[in-house]
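> quick one: sequence and predicted model below, then my questions.
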Amino acid sequence: MNEAMPIRVLLVDDEAVDLEWLRRRVAGSGLPVQVAGTASSGFAALDLLQREQVDVILTDIRMPIMSGIEFARRAKEARPHVKIVFISGHEDFHYAKEALRLSASGYLLKPVDDEELLAMLGTLCRDVEQEKRASRSVSEALSLAARELLLRWLGGDRSPLLEEHLQPYLLPAAEHGASCALIEIDDLEWKAAALGEAERDRHIAAMGAFLHDFAERRQLGLMLAGLPGARAVLIARAGADPRLEELVAELARRFPLTVTIGVGRPAARWQELPESYREAQAALSAKWLLGKNRVLRESPEPLGDEGPSAAQEAVVDRMLAAILQYDLVEIDDCLLELFGGSGRLRRSEAYPLVLRLTSKLHADLQAMDENLYELLKWDTHEPGVMFQFETMNDLLSWLRKRLFELSELLLIKSRRHSRKLIDEIKAYVEERLEQKVTLKETAARFSFTPNYLGHLFKEETGQHFSDYLLERKLKLTCALLEEPTLKIYEIADRMGYKNIVYFNRQFKQATGMSPGEYRKKAGI
C-alpha cells in the first residue's frame, strides 16, 4: 500500500447526537483520516471491526450492556495493534485506571474540545503511519535482499554471521511474541493443473500479492510470499488470531484455489523463531489428516514404523469380498476402518496401503479372468493420480469412488454373463424337452453343482428350474395335442412318459382337464 493511504477510524457511542458530532469533526479534521464506520453499541462495533480495516478506535467508555472497557478488551484481542482512545464524562474518570491497563492510546473528556480532538488524532496518525512504514520497510528489505537467508536461518542455519545480518529485520517483526506461520496453496498439482499453466501462474501471483496486502492492512507481521512450492512464510505478531482464519476465508472467496496455514507456538525471543517454524511445518503436514482450507496449530503424534498388521490384511480381504458382492456399505466401512479408524495413518503409510490393496485386487480378479486396470481404464499398473492428493479425505473420496465404480462394473459384467448362461441353459432345455431333463444332468453339462445352478436360475429368472421345465414341457405337450394325427399315448411316449395314466394325471393337475378334454375343448 502507498504511504498516502488514510488512517481508518471507527467511532463508537450510544448517544446518536454525540456520535454524529464526532463523525463530523473527524471527517472534517483535514488530517489523513477516514471514518471506517460508526456504531451505537459495542456489539455493532465488534461486527464492523471484523469486516473493516481499522487503525484507530474512538469509543465512549459508558455504554449499556457492553461497556466501552469490555468492548476495548475484545477489540484488542481481535486487533492487538489497534489504537484505542476513550471518551467519557468527569464522573467516569475512575475508569481511567482500567483504560491504562488496556494500553489505551488516549483519554478525552466530554464535552470534547475540538483542539484536543485534532491534537489526539494528529498524534495517532503519526504513530500509525510510523508503524506501517516500519513494517513496509522490513518487508520490502527482506523480500528483495534477505528472503533466502531468512529461510536458511529458519530451516536451521544458525551461523552467527547470518543471525547478525537478519537481526535488524527480525526484531521489529518478532515483537509481542511472534509465531511462524507457513502458508501453502492447496491441491496445486491436482486442481491448479486444470486451469492451464498461464492462468495458474496468474492466480498464484495474485494470491501472493493479496497476502502482502492483507498482512499490511491487518498488521499481521512480516509476510514473505512467492516461495518455492507455492508457499509463503509469515512471522505473525501475537499469533495473528483470528486474522489468519479471516485470511483463509478471504482467499477462498476471491480465488479458485484455497490455502492451508500451519502455525507454530509463539517465540519468547526472536532467536526461538526457527523452533516455531519447525512447529509450523509439522502443523502443515497434518493437513493430510485434519483437512485443508483452514488454520492448523497441532500435529498428531508420530507413529511407529510397523508394517501392515494381520488385522489390516483381514479388512482388505473383507473389502475385496464386498466389491465382488456389490456391497457398497461394507466397502465404505472397510475403507474407513483401514484409513480413518484410528485417525493416525500417515501419508507415507497410506500410499503403500493403496498399492497393496490394488495389487491384491488385481491378482484376485485375474484369477476370475478380469483385469482391474482395463476395467477402470488405468493407463499403468500404478494409480499415479492418488499422489496428487494432499489430504486423507481427498484420497478416500477418490478411492471410494473408484472401488464403487469397480464393484458396479463387475456386477454388470456378472449379470451379463449370467444372462448369457441362462439363455444357453434355456436353449439346452428346449432342445431336450422330449427327453428326460433334470437339474442334476443340466448342471453337470455346464460344470456347476445342482444347488448353485438352481440358485442362479432362480436369481436370474424368478422361477425354480423345475417349474420352468414343467412349463416348457406343458407348452410343447399342448402343441402336440393340437395335432389331430397324433394319438394321446404317442404324445405321452414322445414326452417321456411310459405310463399313460401318470401322463393324464400330470396333465390334468397342470391344466385342470385331461388330455382328451383339452382336445375336445380345442375342437379336435
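Perfect, thanks for sending it.
> look up phi and psi at residue 56.
Here the main-chain torsion angles of residue 56 (degrees, to the nearest 10) amount to phi -140, psi 140.
> so who does it touch?
7-10, 33, 82-85, 105, 121, 124, 128 (C-beta atoms under 8 Å, 6 or more residues apart in numbering). Where you see a C-beta, it was placed from the backbone N, CA and C, and this is true even at glycine.
> so which of those is the most crowded?
In terms of neighbour count, residue 9 stands highest of the contacts of residue 56 at 28 neighbours, by other C-beta atoms under 10 Å.
> in the sheet, who's paired with that one?
Per DSSP bridges, residues listed as beta-bridge partners of residue 9: residue 35, residue 56.
> now do the spatially closest residue to residue 312 that is not a sequence neighbour: how many residues are near it, please.
Spatially, and ignoring its direct neighbours in sequence, residue 312 is nearest to residue 338 (6.4 Å; C-beta to C-beta, 6 or more residues apart in numbering). By other C-beta under 10 Å, 23 other residues sit near residue 338.
> what does stretch 427-440 rub up against?
442, 445-446, 450, 453-454, 465-466, 468-469, 472-473, 476, 494-496.
> sort out which of the residues you listed are buried, if you could.
Burial of those was assessed by neighbour count (16 or more other C-beta atoms under 10 Å); the buried members are 442, 453-454, 465, 468-469, 473, 476, 495.
> how far away from the center of its chain is stretch 243-260?
Distance of stretch 243-260 from its chain centroid, counting by C-alpha atoms, centre = their mean, to the nearest Å, is 14 Å.
> and if you look at stretch 72-86?
Its chain's C-alpha centre and that of stretch 72-86 lie 35 Å apart, by C-alpha atoms, centre = their mean.
> least trustworthy helix or strand in this structure by mean pLDDT?
Lowest on mean pLDDT, DSSP states H and E among the helices and strands of the chain sits helix 96-101, with a mean of 61.
> now, which of the contacts of stretch 427-440 lie within strands?
Residues of the contacts of stretch 427-440 located in strands (DSSP state E): none.
> in the stretch 101-250 of the chain, where is pLDDT below threshold?
Within the stretch 101-250 of the chain, the segments meeting pLDDT under 70 span 101-103, 134-148, 161-177, 190-193, 228-229, 237-241.
> ah, wrong one, I meant the stretch 351-500 of the chain
378-387.
> helices along that one, start to end?
372-375, 392-431, 439-445, 450-461, 465-481, 488-494, 500-511 (DSSP state H, counting those that start in this stretch).
> now do the strands in the stretch 101-250 of the chain.
Applying DSSP state E, counting those that start in this stretch to the stretch 101-250 of the chain gives strands spanning 106-109, 179-185, 221-227, 231-236.
> now tabulate the ones you listed in CSV and tack on mean neighbour count and distance to residue 333.
Compiled in CSV, the strands of the stretch 101-250 of the chain are given as follows (neighbours: other C-beta atoms under 10 Å; distance: least, C-beta to C-beta, whole Å):
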stretch, mean neighbour count, distance to residue 333
strand 106-109, 17, 63
strand 179-185, 26, 32
strand 221-227, 22, 41
strand 231-236, 24, 37
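> ok, the buried ones among the contacts of stretch 427-440 vs residue 421, which is closest?
For these, the residue nearest residue 421 by C-beta to C-beta is residue 453; the value is 9.0 Å.
> for the closest one, give me its contacts.
By C-beta under 8 Å, 6+ apart, the residues touching residue 453 are 425, 439, 442-443, 446, 465.
> that one and residue 466, how far apart?
Distance, residue 453 to residue 466, by C-beta to C-beta, to the nearest Å: 12 Å.
> and what of residue 485?
Between residue 485 and residue 466 the computed distance is 31 Å (C-beta to C-beta).
> likewise residue 105?
Going from residue 105 to residue 466 by C-beta to C-beta gives 96 Å.
> where's residue 68 relative to residue 43, distance?
Between residue 68 and residue 43 the computed distance is 12 Å (C-beta to C-beta).
> quick one, which of these two is more surrounded?
Shown here are residue 68 and residue 43; by other C-beta under 10 Å, residue 68 has more neighbours (27 against 14).
> pretty sure that one contacts residue 42?
Yes - between residue 68 and residue 42 there is a contact under C-beta atoms under 8 Å: 7.1 Å.
> list residues touching both of those two?
With C-beta under 8 Å, 6+ apart as the test, residue 68 and residue 42 both reach 12, 59.
> tell me the SS of residue 59?
Under DSSP: H, G, I helix; E, B strand; the rest coil, residue 59 falls in the strand class.
> identify the spatial nearest neighbour of it, chain neighbours not counted.
Closest to residue 59 by C-beta to C-beta, 6+ apart is residue 12, at 3.9 Å.
> surely residue 328 is in contact with residue 404?
Yes - counting by C-beta under 8 Å, residue 328 does reach residue 404; the two are 5.8 Å apart.
> quick revisit: need the strands of the stretch 101-250 of the chain in a markdown table (columns: distance to residue 351).
Formatted as a markdown table, the strands of the stretch 101-250 of the chain follow (distance: least, C-beta to C-beta, whole Å):
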| stretch | distance to residue 351 |
| --- | --- |
| strand 106-109 | 59 |
| strand 179-185 | 19 |
| strand 221-227 | 26 |
| strand 231-236 | 22 |
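> nearest to residue 274, of those?
The nearest among the strands of the stretch 101-250 of the chain, by C-beta to C-beta, is strand 179-185 at 8.0 Å.
> can you list contacts of that closest one?
Counting by C-beta under 8 Å, 6+ apart, residues outside strand 179-185 touching it are 154, 192, 204, 207, 211, 225, 229-236, 239-240, 244, 257-267, 273, 276-277, 279-281, 283-284, 287.
> what pairs with it, parallel or antiparallel?
Counting by DSSP bridges, the strands paired with strand 179-185 are strand 231-236 (antiparallel), strand 259-263 (antiparallel).
> closest one to residue 160 among the ones you listed?
Among these, strand 231-236 comes nearest to residue 160, with 20.4 Å by C-beta to C-beta.
> how much does the closest one deviate in direction from strand 221-227?
Computed with axes from the mean of the first three to the mean of the last three C-alpha atoms, to 10 degrees, the direction of strand 231-236 lies at 170 degrees from that of strand 221-227.
> can you tell me what sits against strand 231-236?
Residues outside strand 231-236 that contact it (C-beta under 8 Å, 6+ apart) are 150-151, 154, 170, 173-174, 178-185, 208, 211, 215, 220-227, 240, 244, 261, 263, 273, 277.
> same check on stretch 198-214?
When contacts are defined by C-beta under 8 Å, 6+ apart, stretch 198-214 is touched by residues 1, 139, 183, 185, 188, 192-193, 195, 220, 223, 225-226, 230, 232, 234, 247, 250-251, 254-257, 259.
> related to what we said a few turns ago, which one of the buried ones among the contacts of stretch 427-440 is nearest to residue 360?
Nearest to residue 360 among the buried ones among the contacts of stretch 427-440, with distances taken as C-beta to C-beta, is residue 453, at 29.9 Å.
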